[in-house]
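In: After the sequence you'll find the predicted model.
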Amino acid sequence: AVPGVALPAQGGQSALSIDSARPEDWCRLARTVLGEQFLDVHEWRRHTDVNVCENMNDVERIVEWFWAFVEDLDEEKRVRLFYWASALKRLPHGGWKSPKMKRMQLHIVGDTSRLPVAHTCSFQIDLPVYSTPTSLQEVLLLAIETLR
């Protein structure tokens, strides 16, 4: 036994000694330390508030294009988009329901000459009203592909 080393407790359980840990205990430890690996788009959408800065008619269309874009991304690019918007590499332990996880703010703006902007401190994306889904996809791909 390793003195003072134990896996985190879950629910009503007490801490588990490291020498009696099973594979599922190690998975629980990894999720606790590293966060959730999978980004469920439907959960992400449920934890997003849409705000409009001006009186616009195309808001629903732009929001649908945005979520269609997110759903069509492969997992690696989806994680990059999440990182671009939140500065988090993964969801915290507990996923979207974690008290550490803010709701995303999707702020629809009218100035179509702008690129989308991510405000990582507040987990907000300012998304202009683009004229086509392709133009929206191009600028969002540019944003996530230029991340370092």
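Out: Noted; the coordinates are in hand.
In: Pull out the buried positions in stretch 121-134.
Out: For stretch 121-134, a neighbour-count test (16 or more other Cβ atoms under 10 Å) marks F123, Q124, I125, D126, L127, P128, V129, Y130, P133 as buried. (Glycine included, C-beta is placed from N, CA and C.)
In: Just give me the closest of those residues to V70.
Out: I125 (10.7 Å; Cβ to Cβ).
In: For the host helix or strand of V70, name the packing helices and strands.
Out: Element membership for V70 (DSSP states H and E) is helix 59-72. In terms of contacts (3 or more Cβ pairs under 8 Å, 6 or more residues apart in numbering; DSSP states H and E), helix 59-72 is packed against helix 41-46, strand 48-52, strand 104-109, helix 133-145.
In: Let me know the angle separating the shortest one from helix 59-72.
Out: Spelled out, it's strand 48-52. If you take axes from the mean of the first three to the mean of the last three Cα atoms, to 10 degrees, strand 48-52 sits at 140 degrees to helix 59-72.
In: partners of strand 48-52, with directions?
Out: strand 104-109 (parallel) (DSSP bridges).
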